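Novice: build the 3D model from these lines:
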Amino acid sequence: MDTIKTLDQLLEIKNKYLSENKKFKHNVLVCGGGGCVSSNCKEVDDAIHEEINAFGINYQVNVIQTGCMGICAVGPVALILPERIFYTQLTPKKAKDIVKRHLINGEICEEYTFFDKSLQKYVPCIDDIEFFKLQTKLVLENCGMIEYGNIDAYIANDGYVAAANSIMAQNPENVVIEIEKSGLRGRGGAGFLTGVKLRSGFMQKDDTKFMVCNADEGDPGAFMDRSVIEGDPHSVIEGMILAAFAIGASQGYVYIRAEYPIAIDRLKEAIKQAREYGLLGKNLFGTNYSFDLDIRIGAGAFVCGEETALLASIEGRRGEPRQKPPFPFQKGLFQHPTIINNVETLANIPKIVRKGGE
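Specialist: Numbers count the residues shown, from 1 in each chain. From the prediction side, this is the model:
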């Protein structure tokens, strides 16, 4: 892969990806979120590929594995584009039937679509399902809609544009200002103003600073962070790049619990792709700013969701909270200024910086 240095290169990747996608008559989005993985979505994905190859229509149909579509109770699910027909509770047999009837003959397999119990009828189009109708997705905008394992798919949805513009402008305070304007609050639960946190990191006088992503989501049944990392890992990476640039950090860590193996694997692959494109590492976008990212896997201690315990764990010590002050923005990881944000908080940052805090 060529190292990305300019906005034009990002635009070139975007246009190429969209152009190649237009060649297909259908896109089949198969949900690969944690819920659908547990209900054997791989068998469904394999069956679709098998049938497409058997009929020799693989040049017409693009099968994409996406992140969570948000309705796990009826998984495995798949969305057929451009018609936006939503199929639920799929099995390999149903998947093969959909290939023959829908993708080849143009017939909607209504009996496999979403059944609305309150209306007592099938609702084939995803846009007509009440569950989705009232939702305006922001952080989860790409989840269930793009190929989580392809950095080009993220770039095609304006990914890394905010990072490129900010770093090439070489004014980190601008990022802080936009986050302050937005009023974004930490999404981990405490609701502390993210702009205040970034401003605190920005003001510290130290040549070594750290940016940390708290992905230790320990609350029982809490899957928000997991869904973001599984379905749109590059949004978290770009959020970390922007936040790190804002405070002047050159190293970042994602602290994630070992019970999230799918999220860990997908994040590792996303970091690898970002490095190959030069979006992590030395001299980002041809500037003198450098930032790299590593993953630290926690052993599942609930207390490590607390920021000082989390930092102790990254340092290789027992994860125990310590007295504050000093606060992490003053003396955090390895006694250097450190800013810690939740996954969802960081995933908001690229959109805010790209569109403006207002």
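Novice: name the SS class of residue 165, please.
Specialist: Judged by DSSP: H, G, I helix; E, B strand; the rest coil, the three-state class of residue 165 is helix.
Novice: for residue 141, see how far away it is.
Specialist: Here the criterion is Cβ to Cβ, to the nearest Å. By it, residue 165 lies 19 Å from residue 141. Just so you know, the C-beta spots here come from the backbone N, C-alpha and C atoms, and that holds for glycine as well.
Novice: what residues does the host helix or strand of residue 95 touch?
Specialist: Taking DSSP states H and E as the criterion, residue 95 maps to helix 92-98. Helix 92-98 has contacts (Cβ atoms under 8 Å, 6 or more residues apart in numbering) with 43-44, 46-48, 50-51, 78, 80, 87, 90, 109, 112.
Novice: okay, now residue 226: neighbour count?
Specialist: 22 (other Cβ atoms under 10 Å).
Novice: these two touch, right, it and residue 218?
Specialist: No: taking contacts as Cβ atoms under 8 Å, residue 226 lies outside contact range of residue 218: 11.4 Å.
Novice: who are the contact partners of residue 244?
Specialist: If a contact means Cβ under 8 Å, 6+ apart, then residue 244 has 209, 211, 250, 252, 291 as its contacts.
Novice: need the residue closest to the centroid of the chain.
Specialist: residue 232 (2.2 Å; Cα atoms, centre = their mean).
Novice: residues touching that residue, list them.
Specialist: Residue 232 neighbours (Cβ under 8 Å, 6+ apart): 67, 140, 142, 143, 146, 148, 154, 347.
Novice: phi, psi of it?
Specialist: Recorded main-chain torsions at residue 232 are phi -150, psi 60, according to degrees, to the nearest 10.
Novice: what's the closest non-adjacent residue to residue 330?
Specialist: Using Cβ to Cβ, 6 or more residues apart in numbering and skipping the chain neighbours, the partner closest in space to residue 330 is residue 337 (6.4 Å).
Novice: does that neighbour really touch residue 206, like I thought?
Specialist: Yes: using Cβ under 8 Å, residue 337 is in contact with residue 206, at 5.2 Å.
Novice: what ranges do the helices span in the stretch 201-350 of the chain?
Specialist: Under the criterion DSSP state H, counting those that start in this stretch, the stretch 201-350 of the chain contains helices at 224-231, 233-247, 261-276, 307-314, 343-355.
Novice: pipe those helices into JSON lines and attach mean pLDDT and distance to residue 16 per row.
Specialist: Formatted as JSON lines, the helices of the stretch 201-350 of the chain follow (pLDDT from 0 to 100; distance: least, Cβ to Cβ, whole Å):
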{"stretch": "helix 224-231", "mean pLDDT": "92", "distance to residue 16": "23"}
{"stretch": "helix 233-247", "mean pLDDT": "98", "distance to residue 16": "17"}
{"stretch": "helix 261-276", "mean pLDDT": "96", "distance to residue 16": "16"}
{"stretch": "helix 307-314", "mean pLDDT": "93", "distance to residue 16": "38"}
{"stretch": "helix 343-355", "mean pLDDT": "96", "distance to residue 16": "21"}
